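Student: for reference, the sequence and a predicted model appear below.
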Amino acid sequence: MEQFEKYPVSLTNSLSGKKELFTPINSGFVGMYVCGPTVYSHVHLGNVRTFLSFDIISRYFRFLGYKVRYVRNITDVGHLENDADEGEDKIAKKARLEKIEPMEVVKQYTEDFHQVMRQFNILPPSIEPSATGHILEQIEITKELINKGLAYESNGSVYFNVRKYNNDHHYGILSGRNIEELMESGRELDNQDEKREKIDFALWKKASPHHIMRWPSPWGDGFPGWHIECTVMSTKYLGETFDIHGGGMDLKFPHHECEIAQGTAATGKTPVNYWLHSNMLTVNGQKMSKSLGNSFLPSELFEGSHSLLDRGYGAMTVRFFMLQSHYSSTLDFSNEALQAAEKGFKKLANALNLIKNIEHTTNNTGKEITNKELTTLTRACYQNMSDDFNTAKTLAVLFEMAGRINDMKSGNLQLTALDPVVFNDFKKTYIGFMESVLGLEEEKGQHDELLDGTVRLLIELRKKARTDKNFSLSDKIRDDLKKIGIQIKDGKDGEMTYTID
RNA sequence: GGUUCCGUGGCCGAGUGGCUAGGCUGAGCUCUGCAAAAGCUCCUACAGCGGUUCGAAUCCGCUCGGAACCUCCA
């Protein structure tokens, strides 16, 4: 029996607004698509949160035994600065400003994005397609939509006819809108507009003579619209209907709404069964965003060089911090919250280190009450994660488990009181959820062998000083090391361990 | 203006009809040569006002406050 049968996953589907039991199209397989970054500048921590949320989701599905195909795209063309007709492509604009090739912009920020993902221990997707690698497919689907009468050409650009689509379908099904309301708000059309109605959106944009990103098409030189890339790449690699589509809450409208409309119009099928949206990272209650100027770059966080930070924090501290809230809630970013997270994370990491070195060898059947408690904790990890990927609840359980691990270490809890099967399950679960599911690993410091050997030597000297009752010397060794960031801890049995801040 | 969401103890944050997460901070205790770490204990909350119910932080209504989307943003 697979773990996913034992702990069936339920998730909040944005389409229904309700928590639903997850049933994949193909038993044992999960196909998920997540909107990746537009690589025209550095990713900030708000972006990181979204990719972290879906990292956890893909990790957990795999942990349960599913075969997961996780597709996350790179948007390297087609994302306009705004929806007005003079709207410029974000990549092209950046390239023009820096006087370099658009693909240089794309390369630079894609590399940056990948580096940030690695720093936060966010695993790469199974497929990472780019919009420029799928121009042909985007032209094909645009042609198909014209043939079906749901798109029209206008002065070298092609637009999706929202009103016509809405005759047979509901445009706004995901975000709870209707086109009458949409027609009432927003920017009005002017004479310059090529669109028939302001709610129509571009599938293909004509490239003006000075435009540097351009491809030939049946409608002349141009470039694809923003939304069509995701429809093309998701269906190409996951099928016309696939299991999960994720992304940030701010993409719900219009981006995901347009994807639904295009996909449904092109294939006649519902493109996605479950829509998942991760919520925003906020600063003082306001959304972290580049345009508001309140975004934090990962480098500013590590170095503590942002004005709102007292000092730097490690990537794992931030990862833990973000996992303390549910992905569908907003999360407020602050110095105080990070400080608290750092201590909490250290506690869990320490227990992780301890449990790895605890072995149960006896065959004692153990005390029923203790065994029961450990079994309950072990199961709770799965139950909480299967309940809409509730990392906050899971972490609460891991803290309980860490307490029991410390008890095992100190002797408050005798291993002989435990059933070996229960213990091994407990151990495997703690390590598995920490590392494989939540991706929380020890902060990678400069623990090189040279330093380790040096500290061990000092520890030996301190042990000698203590047995000689030379406390002034033993205290000096401890205190001086503490000053440079190395904390010596005395064990009950005279053993000493150390941690580096 | 329209659509949606949120308001939880000193702070951060889960939960969402009865079983009162968790972390951080603070106070006390145990262990320890002294520390640190660890363990135990304490401070026990759901914006306000009504209503439904045997019972509501959780459901409903109103009021106040905040946010997101309706231009671009994960």
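Tutor: Noted; the coordinates are in hand.
Student: strands of the stretch 251-400 of chain A, residue ranges please.
Tutor: With DSSP state E, counting those that start in this stretch as the criterion, the stretch 251-400 of chain A has strands at A:272-278, A:281-283, A:286-287, A:331-332.
Student: and the last one, what does it pack against?
Tutor: Read that as strand A:331-332. strand A:281-283 (3 or more Cβ pairs under 8 Å, 6 or more residues apart in numbering; DSSP states H and E). Using the backbone N, CA and C atoms, a C-beta is placed for each residue, glycine as well.
Student: and what of the first one?
Tutor: Under the contact criterion of 3+ Cβ pairs under 8 Å, 6+ apart, strand A:272-278 touches strand A:10-13, helix A:45-63, strand A:242-248.
Student: as a whole number, average confidence for the last one?
Tutor: Throughout strand A:242-248, pLDDT has a mean value of 97.
Student: could you give the angle of that strand to helix A:45-63?
Tutor: Angle of strand A:242-248 versus helix A:45-63, following axes from the mean of the first three to the mean of the last three Cα atoms, to 10 degrees, is 160 degrees.
Student: does strand A:242-248 come close to RNA strand B?
Tutor: Yes - using Cβ under 7 Å from any atom of the strand, strand A:242-248 reaches RNA strand B at A:247, A:248.
Student: restricting to C-alpha, output that strand in PDB.
Tutor: Presented in PDB, the C-alpha positions along strand A:242-248 are these (Å, rounded to 0.1, in the frame of the first residue of the first chain):
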ATOM      1  CA  PHE A 242      -3.800  18.100 -16.100                       C
ATOM      2  CA  ASP A 243      -4.000  17.800 -12.400                       C
ATOM      3  CA  ILE A 244      -2.600  20.900 -10.700                       C
ATOM      4  CA  HIS A 245      -1.800  24.500 -11.800                       C
ATOM      5  CA  GLY A 246      -0.200  26.800  -9.300                       C
ATOM      6  CA  GLY A 247       1.100  30.300  -9.000                       C
ATOM      7  CA  GLY A 248       0.900  33.400  -6.900                       C
END
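Student: who's in contact with that strand?
Tutor: Residues outside strand A:242-248 that contact it (Cβ atoms under 8 Å, 6 or more residues apart in numbering) are A:22, A:24-25, A:30-35, A:47, A:50, A:53-54, A:57, A:234-235, A:255-256, A:259, A:271-278, A:280.
Student: what sits closest to residue A:497 if chain neighbours are left out?
Tutor: residue A:489 (5.2 Å; Cβ to Cβ, 6 or more residues apart in numbering).
Student: quick one: that neighbour from residue A:350, how far?
Tutor: Remark: distance between residue A:489 and residue A:350 (Cβ to Cβ, to the nearest Å) = 10 Å.
Student: ok, residue A:216 next?
Tutor: Counting by Cβ to Cβ, the gap from residue A:216 to residue A:350 is 60 Å.
Student: tell me which of the two has more neighbours.
Tutor: Counted by other Cβ atoms under 10 Å, residue A:216 and residue A:350 do not tie: residue A:350 has more neighbours, with 18 against 11.
Student: for the more buried one, which residues are in contact?
Tutor: Shown in contact with residue A:350 (Cβ under 8 Å, 6+ apart): A:402, A:499.
Student: quickly find the element holding residue A:182.
Tutor: Element membership for residue A:182, per DSSP states H and E: helix A:179-184.
Student: with residue A:202 instead?
Tutor: strand A:201-206.
Student: next SSE downstream of that strand?
Tutor: Once the chain leaves strand A:201-206, the next helix or strand it forms, by DSSP H and E, is strand A:222-224.
Student: packing partners for the strand holding residue A:202?
Tutor: helix A:135-147, strand A:157-160, strand A:222-224.
Student: how about residue A:72, phi and psi?
Tutor: Dihedral pair for residue A:72: phi -130, psi 120, per degrees, to the nearest 10.
Student: what's the burial count for it?
Tutor: Neighbours of residue A:72 (other Cβ under 10 Å): 25.
Student: how deep is the nearest residue to it once chain neighbours are set aside tucked in, by neighbour count?
Tutor: Computed as Cβ to Cβ, 6+ apart, the closest residue to residue A:72 that is not its neighbour in sequence is residue A:125, at 4.0 Å. Other residues lying near residue A:125 total 22 when counted by other Cβ under 10 Å.
Student: same check, this time on residue A:104
Tutor: Residue A:104 has 14 nearby residues by other Cβ under 10 Å.
Student: keeping just the C-alphas, turn the helix or strand harbouring it into CSV.
Tutor: Assigned by DSSP H and E, residue A:104 belongs to helix A:102-119. As requested, the backbone C-alpha atoms of helix A:102-119 are provided in CSV (Å, rounded to 0.1, in the frame of the first residue of the first chain):
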residue,chain,number,x,y,z
PRO,A,102,17.4,40.6,-24.7
MET,A,103,18.8,37.1,-24.4
GLU,A,104,21.6,38.5,-22.3
VAL,A,105,19.0,39.8,-19.9
VAL,A,106,17.3,36.5,-19.9
LYS,A,107,20.5,34.6,-19.3
GLN,A,108,21.7,36.8,-16.5
TYR,A,109,18.4,36.7,-14.5
THR,A,110,17.7,33.1,-15.2
GLU,A,111,21.1,32.3,-13.7
ASP,A,112,20.3,34.5,-10.8
PHE,A,113,17.0,32.8,-10.3
HIS,A,114,18.6,29.4,-10.3
GLN,A,115,21.2,30.4,-7.8
VAL,A,116,18.6,31.8,-5.4
MET,A,117,16.5,28.6,-5.8
ARG,A,118,19.6,26.5,-4.8
GLN,A,119,20.4,28.8,-1.8
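Student: and that helix, how far out from the chain's middle?
Tutor: 16 Å (Cα atoms, centre = their mean, to the nearest Å).
Student: stretch A:392-408 too?
Tutor: For stretch A:392-408, the separation from the chain centroid amounts to 24 Å (computed by Cα atoms, centre = their mean).
Student: quick one: buried residues of it?
Tutor: Buried residues in stretch A:392-408, counted by 16 or more other Cβ atoms under 10 Å: A:393, A:394, A:395, A:397, A:398, A:401, A:402, A:404, A:405, A:406, A:408.
Student: contact partners for the spatially most central residue of chain A?
Tutor: Residue closest to the average C-alpha location in chain A (Cα atoms, centre = their mean): residue A:52, at 1.8 Å. Shown in contact with residue A:52 (Cβ under 8 Å, 6+ apart): A:120, A:122, A:319, A:322, A:323.
Student: about what we covered before: other residues contacting the helix holding residue A:104?
Tutor: Applying Cβ under 8 Å, 6+ apart, the external contacts of helix A:102-119 come out as A:37, A:39-43, A:48, A:51, A:74, A:76-77, A:91-92, A:94-95, A:98, A:124, A:130, A:132, A:212-213, A:298, A:302, A:315.
Student: how big is the angle separating it from helix A:45-63?
Tutor: Counting by the same axes, to 10 degrees, helix A:102-119 lies at 60 degrees to helix A:45-63.
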